[in-house]
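# Kindly return the folded structure for what I paste below:
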Amino acid sequence: MENSRDEKLWKKAGERVAFKKHLTTYVLVNIFLWLLWYFTSDGHQNTFAWPIFTTVGWGIGIVAHYFKTYVNDEEETIQKEYNKLKTKKR
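The predicted structure follows:
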């Protein structure tokens, strides 16, 4: 039995694994930063929560990576546009 794989599916699987690693790193680093802020700030009421910049900024990147990986199938979108153009009558 030949062990062959679909290259498109292999690439998509690799992209999903990369996203999961990115998300895991995001969560762990942000937990660390928020704990660092919590344990080093004085009183917590008058201290600016500086980890918010990392959480929000990097979070935007995570959301973009998610959409690129799971939502926006570029090949499918290209195929749909091609089919529209092909069936369009001039």
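# Give me the nearest residue to residue 34, chain neighbours excluded.
residue 51 (5.0 Å; Cβ to Cβ, 6 or more residues apart in numbering). No exception for glycine: its C-beta is placed from N, CA and C like everyone else's.
# Would you check that the one you found makes contact with residue 32?
No: counting by Cβ atoms under 8 Å, residue 51 does not reach residue 32; the two are 9.2 Å apart.
# the more surrounded of the two?
When neighbours are counted by other Cβ atoms under 10 Å, residue 51 and residue 32 differ, and residue 51 comes out ahead with 18 against 11.
# Report the contact partners of that one.
Residue 51 sits next to 30, 33-34, 36-37 when contact means Cβ atoms under 8 Å, 6 or more residues apart in numbering.
# By mean pLDDT, point me to the weakest helix or strand of this structure.
helix 74-87 (a mean of 82; mean pLDDT, DSSP states H and E).
# Give me the residues contacting that helix.
Here helix 74-87 makes contact (Cβ under 8 Å, 6+ apart) with residue 8.
# where does residue 57 land in three-state SS?
The three-state label given to residue 57 by DSSP: H, G, I helix; E, B strand; the rest coil is helix.
# same question, residue 3
coil.
# Relative to residue 51, how far out is it?
According to Cβ to Cβ, to the nearest Å, residue 3 and residue 51 sit 47 Å apart.
# what sits against the closest residue to residue 55 other than its chain neighbours?
Spatial nearest neighbour of residue 55, excluding adjacent residues (Cβ to Cβ, 6+ apart): residue 30 at 5.3 Å. Residues in contact with residue 30 (Cβ under 8 Å, 6+ apart) are 51, 54-55, 58.
# Show me which of those are buried.
51, 55, 58 (16 or more other Cβ atoms under 10 Å).
# Name the nearest of those residues relative to residue 21.
Nearest to residue 21 among those is residue 58, at 13.9 Å by Cβ to Cβ.
# can you tell me the average pLDDT over the lengthiest helix in the chain?
When the chain is parsed with DSSP state H, its longest helix is helix 7-40. The pLDDT scores in helix 7-40 average 94.
# Appreciated, that's everything.
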